[in-house]
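*Asks:* could you look at this predicted model? Sequence included:
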Amino acid sequence: MPPPPAYGQPGYGQAPYGQAPYGQAPYGAPQMPASAYANWGQRVVSALIDYVPGFVLGAIFASAGVSSLSIIFYLAGLAWALYNAYQGGATGQSIGKKAMGTRLLREDNGQPIGGGLGIGRYFLHIIDGLPCYLGYLWPIWDSKRQTFADKILHTVVVKQ
């Protein structure tokens, strides 16, 4: 093995030729194979688990004419959704993503995006619904299976 270059010489502090810095894919290699991304069905079931239960209970009580209970369940549904959005960002897995075996990660380094961005991503999904809900269907044919919110935040949902 040749000695490392002297301080200030070309190549000092760089990874050896053909090797990538720690934690990154080799130069020129794709970050993830297409099969690593979660499919649309997994994403839909995960979202239903994460966001629907409290809102359904609120709607049931609202249709029964019990407005005070429906308000409580709607607020509980919002709290449930925000909790799952936070967990999805902080750990990469909400309750729905754990159940479906998927994980939310940054596209560039494969790390969780953080709780604050997880909540921001939850609200950014509004953009997915604006053009006739096209953003929610976009993962069906997208190469990285990303929604518009994922593209904006540079996130991917991968199989575990």
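*Replies:* Everything's here; your move.

*Asks:* this structure: strands as residue ranges?
*Replies:* Applying DSSP state E to the chain gives strands spanning 102-106, 155-159.

*Asks:* was I right about residue 73 contacting residue 53?
*Replies:* No: the pair residue 73 and residue 53 fails to qualify as a contact (Cβ atoms under 8 Å) at a distance of 9.3 Å. Using the backbone N, CA and C atoms, a C-beta is placed for each residue, glycine as well.

*Asks:* between these two, which is the more surrounded one?
*Replies:* residue 73 (22 against 16; other Cβ atoms under 10 Å).

*Asks:* pretty sure residue 89 sits against residue 112.
*Replies:* Yes: taking contacts as Cβ under 8 Å, residue 89 lies within contact range of residue 112: 6.3 Å.

*Asks:* dump the strands of the chain into CSV; add distance to residue 48 and mean pLDDT as well.
*Replies:* Converted to CSV, those look like this (distance: least, Cβ to Cβ, whole Å; pLDDT from 0 to 100):
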stretch, distance to residue 48, mean pLDDT
strand 102-106, 13, 96
strand 155-159, 14, 96
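
*Asks:* out of those strands, which comes closest to residue 35?
*Replies:* strand 155-159 (7.9 Å; Cβ to Cβ).

*Asks:* quick one: buried residues of the closest one?
*Replies:* Buried residues in strand 155-159, counted by 16 or more other Cβ atoms under 10 Å: 155, 156, 157, 158.

*Asks:* let me see the contact set for the closest residue to residue 81 other than its chain neighbours.
*Replies:* Using Cβ to Cβ, 6 or more residues apart in numbering and skipping the chain neighbours, the partner closest in space to residue 81 is residue 51 (4.6 Å). Residues near residue 51 by Cβ atoms under 8 Å, 6 or more residues apart in numbering: 77, 80, 81, 84, 96.

*Asks:* which ones among these map onto helices?
*Replies:* Secondary structure from DSSP state H places 77, 80, 81, 84, 96 of these in helices.

*Asks:* make JSON lines out of the residues you listed and add pLDDT, distance to residue 142 and neighbour count.
*Replies:* As requested, these are exported to JSON lines (pLDDT from 0 to 100; distance: Cβ to Cβ, whole Å; neighbours: other Cβ atoms under 10 Å):
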{"residue": "77", "pLDDT": "90", "distance to residue 142": "29", "neighbour count": "19"}
{"residue": "80", "pLDDT": "93", "distance to residue 142": "28", "neighbour count": "18"}
{"residue": "81", "pLDDT": "93", "distance to residue 142": "24", "neighbour count": "20"}
{"residue": "84", "pLDDT": "95", "distance to residue 142": "23", "neighbour count": "23"}
{"residue": "96", "pLDDT": "95", "distance to residue 142": "20", "neighbour count": "22"}
